[in-house]
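S.K.: Okay, here's the prediction I keep looking at, along with the sequence it came from:
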Amino acid sequence: MSKNTDKLKERIIKRKRYKIGLLFEIAVFFLIGMSITGYLSSKVLNRIADRSVQIEKEILSEGIAKDVKSSIKDYDCYDWVINYWIDHMGELDLEYDKSVDTYFKEKDFLDKYPELNFDRANDAQLAALPPEDQKAFAEIIFNRLLLRMNDIKASYDVRYVYLFYTEGDASTMTNLISASDSTMKRGNEKGTAFLMGTTITNNPDEQEAFKQIKVGKDHLVVTDDNVNRYHFFSTISRKNLIIGVSFDISLIRREVERNMIIYVAIFVFFQLLLSAVCLFLIYTFALRPLSVVKENMDTYTDTKESEEVLKGLGKIRSRNEIGALANGFGEMITEIDDYVDEIKTITAENERITAELDIAEQIQADMLPRSFPAFPNNPEIDVYATMDPARQVGGDFYDFFMPDENHVALVVADVTGKGVPAALFMVVSRTLLKNRILMGGRPSEILTDVNTLLCEGNESNLFVTVWMAIIDIRTGEGIAANAGHEHPVIRRADGKYELVKYKHSMVVGVMSGLKYTDHTFKLEAGDRIFSYSDGVPEATNEDKELYGTDRMLDALNKNHTDDLEKLLKSLRSDIDEFVGDAEQFDDMTMLAFDFHSTKKDN
């Protein structure tokens, strides 16, 4: 004990020598790199923001406003036309986003006034026209300008381009021309391309902008969906005419993202450069010593040459966790060498036990009758049985044989416990039961004698539950005894599977001198007996829920097959489906017996 304590103290002292942590070293390197990258990133992000605002606010909106202004001023009479629109809004017959009707209006107008030029017409010429021709002229100019603004909108790919006016306190704005495209609805509500005369209430930012707007001064107003740029056009009849351009914020963001790709490339370059430097330092001070540790550990794994590996680990001079790790590996290798011989001995013993269990499993399986059909020379009866142990070997067993030419014996039993002890007790129990049945007698007498024999020297206090029946195949008359076993199930020829409940006797092997009780029954042609161990109703799923006899009976009644093998496989499938991924914790035995008809004496 003292020697081990001294070794432990020596290890603790060695570990305390390594003051510098590997995590601290790596953190310092990355903090330097992150600081430089963070500084460069902030500069680049500022540049991206400035550049995107400059492009959207100054260049694009000014270009659109300039195109709209020049389109309107192409007409010498634009003042007269705009005044006419404002004064006669409710009277105009306007054509939106097409020019079929306007074409005929324009043709009729030119036929009537061939000397009149739409672009060069002056106010005096228009004032001399009859009212109906003034109206036609204003409608023609509206259509021309609307189609031109539609083209401008499409060319610049913006959300809205419109001409409107405000007056007084600028609390409202009234639309004159609003550009549209094939995807935009036209109407009088926000979100549509406005009809002429549509008046909406301005928000406070817009109202303040319209109050201050002057020639040569633009205003920017941002809403949830749009960035609105307003350009002063002119003042007509004390009304401020304004050109509005609205950008979709999502489009601006996409433009910013495209620009960011360039700057992200710069980020990546510097990031890769700094990362390369950091990785070089990490490799020099951390990864290379670790690789030495790994190489020596691989060598030990492959060759088990302890002395060579310990020399290699001793070359590591790091005074951080890697050095401590190398020393720890050296100590571990020394301890592993001490345990190798012991592990080999334990492994050999486990292999021997496993091989013996495999043989025991085969021996136990060979002891149970597995040749089917069991009674090919006796068509009056049929039987099929299965036993699935929870471990390699188990305590459940079944048996069926004919002690004489006119009787058949059926046995299903379950030894308490599992594994090898239960399997040994099972072998003894089955042998005693079969030998005693062959000697003759009623089931109660047979169980009484077997109980006496099993109680002799039963220091381990093991016991076995037994259901056995002896049936006369000439008449269908049978006698059964139940020593603490599950209730058997019977299905009459035209009926359903039902439990046969009667008072059980004490289990076999627990107390010498016990008496057992018989239960008589009569089978008719087509009747079926089903017996089973408690592993069937006590099968448990992951929710700790038992399968139970009700589910068992339901599964049997749903299956109308006459094939006993298919019947038991179907029931086992239903149990497996219920249990799911839960582990089988008990042996599971099932036996089905059919009585087809009475035997005719020769």
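M.R.: Received it, and whenever you're ready, just let me know what you need. Numbering: from 1, shown residues only.

S.K.: Kindly list the main-chain dihedrals of the residue of the chain most remote from its centre?
M.R.: Computed with C-alpha atoms, centre = their mean, the residue of the chain farthest from its C-alpha average is A128, at 79.6 Å. Backbone torsions of A128, given as degrees, to the nearest 10, read phi -80, psi -10.

S.K.: What confidence value was assigned to it?
M.R.: You'll see A128 listed with a pLDDT of 90.

S.K.: any idea how far it is from Y84?
M.R.: According to C-beta to C-beta, to the nearest Å, A128 stands 14 Å off from Y84. Every C-beta, even on glycine, is put in place using the N, C-alpha and C of the backbone.

S.K.: which intervals of the stretch 1-150 of the chain have sub-threshold pLDDT?
M.R.: The model of the stretch 1-150 of the chain has pLDDT under 70 over residues 1-27, 29-30, 33-34, 38-58.

S.K.: and what of the stretch 301-450 of the chain?
M.R.: 302-305, 308-309, 312-326, 328-330, 337, 341, 347-365, 392-393.

S.K.: For it, which segments count as strands?
M.R.: Using DSSP state E, counting those that start in this stretch, the strands of the stretch 301-450 of the chain run over residues 381-388, 396-404, 407-415.

S.K.: Of these, flag the one that's most buried.
M.R.: strand 407-415 (a mean of 24; mean count of other C-beta atoms under 10 Å).

S.K.: what pLDDT does the residue sitting nearest the centre point of the chain get?
M.R.: The centroid of the chain falls nearest to D581 when counting by C-alpha atoms, centre = their mean (19.5 Å). We have a pLDDT of 89 for D581.

S.K.: Adjust the sequence numbering to begin at 13 for everything that follows.
M.R.: Okay, using 13 as the starting number, the last item reads as D593.

S.K.: I'd like the distance between it and A133.
M.R.: 90 Å.

S.K.: Sort out which residues of the helix or strand where E151 lies are buried, please.
M.R.: Assigned by DSSP states H and E, E151 falls within helix 143-168. Buried residues in helix 143-168, defined by neighbour count with 16 or more other C-beta atoms under 10 Å: 145-162, 164-165.

S.K.: With stretch 121-136 instead?
M.R.: Applying 16+ other C-beta under 10 Å to stretch 121-136 flags 121, 130, 133 as buried.

S.K.: How about the contacts made by the first one?
M.R.: Under the criterion of C-beta atoms under 8 Å, 6 or more residues apart in numbering, the contact partners of F121 comprise 128, 145, 148-149, 152.

S.K.: can you rerun that using 6 Å?
M.R.: A148 (C-beta atoms under 6 Å, 6 or more residues apart in numbering).

S.K.: which residues of the stretch 163-312 of the chain fall in strands?
M.R.: 172-178, 184-190, 198-199, 205-206, 211-213, 230-234, 238-248, 251-260.

S.K.: Can you say which of those strands is nearest to Y115?
M.R.: strand 184-190 (18.9 Å; C-beta to C-beta).

S.K.: How about residues contacting the closest one?
M.R.: Strand 184-190 has contacts (C-beta under 6 Å, 6+ apart) with 97, 157-158, 161, 174-178, 205-206, 208, 210-211, 213-214.

S.K.: ok, F542 - contacts?
M.R.: Neighbour list for F542: 501, 604 [criterion: C-beta under 6 Å, 6+ apart].

S.K.: try 10 Å
M.R.: Counting by C-beta atoms under 10 Å, 6 or more residues apart in numbering, F542 touches 424, 500-503, 509, 511-512, 548, 564-565, 568, 576, 579-580, 583, 602-605.

S.K.: Tell me the buried residues within these.
M.R.: Applying 16+ other C-beta under 10 Å to the contacts of F542, the neighbour count classes 424, 500-503, 509, 548, 564-565, 568, 576, 579-580, 583, 602-605 as buried.

S.K.: Looking at these, which are in helices?
M.R.: 564-565, 568, 576, 579-580, 583 (DSSP state H).

S.K.: For A537, state which of these is nearest.
M.R.: L576 (16.0 Å).

S.K.: Hmm, F384 and the closest one touching each other?
M.R.: Yes. When contacts are counted by C-beta atoms under 10 Å, L576 is listed as touching F384 (8.5 Å).
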